[in-house]
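> A predicted structure for the sequence below; I have some questions about it.
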Amino acid sequence: MLTAKEQSELTPDRVIEILQQGNEDFINNRLTVKNTTMRVRKAANGQYPMAVILSCLDSRVPVEDVFHCGIGDIFVARVAGNIVNPDILGSMEIACKLFGAKLVVVMGHGHCGAIKSAIDNVELGNITGLLQKIKPAVTQSKALFKGETKSSNPEFVDIVCHINVELMVNEIHKNSPILKKMEETGEIKIVGAMYDLYSGKVEFLGK
Ligand SMILES: [Zn+2]
């Protein structure tokens with residue numbers, strides 16, 4: 001678990017490296033971080049996490065494990081389709097501005113059920129409004145993609161997942177002046193990433 005000093009000495013690029021190393025441990029079945037009672041008690045005194053990860057709700061993406069992290073290491077926000085809204089932005093601002101996190105990651109994944117539902121134009125209860133936020137990614141992908149633009153086509157779903165992550169990163173820049181400014185001054189970085197359900201590997205986009 002990080003101390004205030006250790007957190008303050010981290011750079012956004014170093015945090016990406018640490019997360020990549022943690023992901024290597026996950027892929028190679030080397031998870032050793034245990035959230036023991038002692039660690040729980042120690043964490044109660046304060047928190048200095050290194051990053052905030054926005055992930056999909058998907059049960060197959062265990063975010064802390066994926067980065068070999070435990071209690072106190074990362075903030076995790078989860079919502080179907082890893083979409084950004086004002087409350088998510090507020091949570092990211094808390095993580096970075098108030099608690100010193102150095103990196104914002106929007107992490108999508110392939111075969112995403114929320115993305116497939118957006119492609120299928122599912123309309124049901126509160127799901128309708130949520131999927132509305134994914135629609136721009138579907139529209140952009142349809143303009144780019146040459147093959148069949150259906151949820152049954154994994155290649156198309158994959159493109160929509162990628163573009164959705166990119167658009168959510170843009171949303172953060174557009175709608176959080178606080179985070180944008182922090183990125184401009186080098187205090188934080190805001191990056192996209194994709195989690196591969198088959199290999200367990202996280203690919204940081206634009207790296
Ligand atoms: Zn998903």
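Looks like it came in fine.
> Which helix in this structure has the most residues?
helix 154-175 (DSSP state H).
> List the buried residues of it.
Neighbour counts over helix 154-175 (16 or more other C-beta atoms under 10 Å) mark 156-169, 171-172 as buried. (Glycine included, C-beta is placed from N, CA and C.)
> so what secondary structure elements neighbour that helix?
helix 86-93, strand 103-109, helix 113-119, helix 135-144, helix 177-184, strand 189-195 (3 or more C-beta pairs under 8 Å, 6 or more residues apart in numbering; DSSP states H and E).
> If we use 7 Å, what do you get?
Helix 154-175 sits against helix 86-93, strand 103-109, helix 113-119, helix 135-144, strand 189-195, with contacts defined as 3 or more C-beta pairs under 7 Å, 6 or more residues apart in numbering; DSSP states H and E.
> And the contacts of the third one?
Residues outside helix 113-119 that contact it (C-beta atoms under 7 Å, 6 or more residues apart in numbering) are 56, 58, 80-81, 127, 131, 134-135, 138, 150-151, 157, 160-161, 164.
> Quick check on those residues: which are buried?
56, 58, 80-81, 131, 134, 138, 151, 157, 160-161, 164.
> worst-scoring helix or strand of this structure, pLDDT-wise?
Least confident helix or strand of the chain, by mean pLDDT, DSSP states H and E, is helix 37-43 with a mean of 83.
> Could you give the separation of the following helix or strand past that helix from the chain centroid?
Next in sequence after helix 37-43, counting helices and strands by DSSP states H and E, comes strand 51-55. The chain centre lies 4 Å from the centre of strand 51-55; the measure is C-alpha atoms, centre = their mean, to the nearest Å.
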